[in-house]
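# This is the structure alone, sequence omitted:
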């Protein structure tokens, strides 16, 4: 295991030689998972939000947010956590300020991008991405350039309305 420490977060690599080539699912496995979810009576697709102005401002091809916060009528859907935890070669541990940056960025979008209501566990990915995009060293480490298409998965909505307002206002 290798740990890299940065100003606002720590990158932990369990399998550092694989971090740029990790593949969680084959197409067959993804199709099987989709069929399973579609078999649940309350299943419905969730939105994919394009943050085109944020992508342009940050020099990447596209940034998308998959809003899973209302999955199955809940304000938070954290069923993906075990998959991400157990299958990823690397992960990041972030300071609260990174999460708060993501919450504020979602709530106060760039240009004509839509606002996204996202609580802590949903917004930490956006805050982390914004931190990475501000550093040429981190862009190289994560292989992010002008051709990158980035998908963020928001798993939590406004589960603590008072706390959410304190951060974003």
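Cool, the structure landed. This is a predicted model, so every value here is computed, not measured.
# Can you name every helix or strand that the longest helix seen in the chain contacts?
The residue-count maximum for a helix in the chain (DSSP state H) belongs to helix 120-133. When contacts are defined as 3 or more Cβ pairs under 8 Å, 6 or more residues apart in numbering; DSSP states H and E, helix 120-133 packs onto strand 90-94, helix 96-107, helix 136-141, strand 149-154. From N, CA and C alone the C-beta is placed, and that goes for glycine too.
# The second one to strand 149-154, inter-axis angle?
Angle between the axes of helix 96-107 and strand 149-154 is 100 degrees (criterion: axes from the mean of the first three to the mean of the last three Cα atoms, to 10 degrees).
# Next, the buried residues of helix 96-107.
98-107 (16 or more other Cβ atoms under 10 Å).
# ok, now stretch 159-169?
164, 167-168.
# which among the residues you listed gets closest to residue 153?
residue 164 (18.5 Å; Cβ to Cβ).
# The residue lying closest to that closest one once chain neighbours are set aside and residue 113, how far apart?
Distances taken as Cβ to Cβ, 6 or more residues apart in numbering put residue 158 closest to residue 164, at 4.9 Å, once the chain neighbours are dropped. Computed as Cβ to Cβ, to the nearest Å, the residue 158 to residue 113 distance reads 18 Å.
# And for residue 47?
For residue 47, the distance to residue 113 - Cβ to Cβ - is 13 Å.
# overlap in contacts of the two?
Overlap of the contact sets of residue 47 and residue 113 (by Cβ atoms under 8 Å, 6 or more residues apart in numbering) is empty.
# Max pairwise distance over the buried residues of helix 96-107: which two?
98 and 107 (15.3 Å).
# before we move on, back to that, out of the helices and strands packed on helix 120-133, the one nearest residue 65 is which?
strand 149-154 (4.9 Å).
# next helix or strand past the closest one?
Toward the C-terminus, strand 149-154 is succeeded by helix 161-168 as the next helix or strand (DSSP states H and E).
# for that next one, the distance to its chain's centre please.
The chain centroid and the centroid of helix 161-168 are separated by 20 Å, computed with Cα atoms, centre = their mean, to the nearest Å.
# any idea of the angle that helix forms with helix 120-133?
Helix 161-168 and helix 120-133 are oriented at 10 degrees to each other (the same axes, to 10 degrees).
# picking that back up, check the buried residues of helix 96-107 against residue 141 and report the nearest one.
Of all the buried residues of helix 96-107, residue 98 has the smallest distance to residue 141: 16.1 Å, by Cβ to Cβ.
# Since that was my last question, I'll sign off now.
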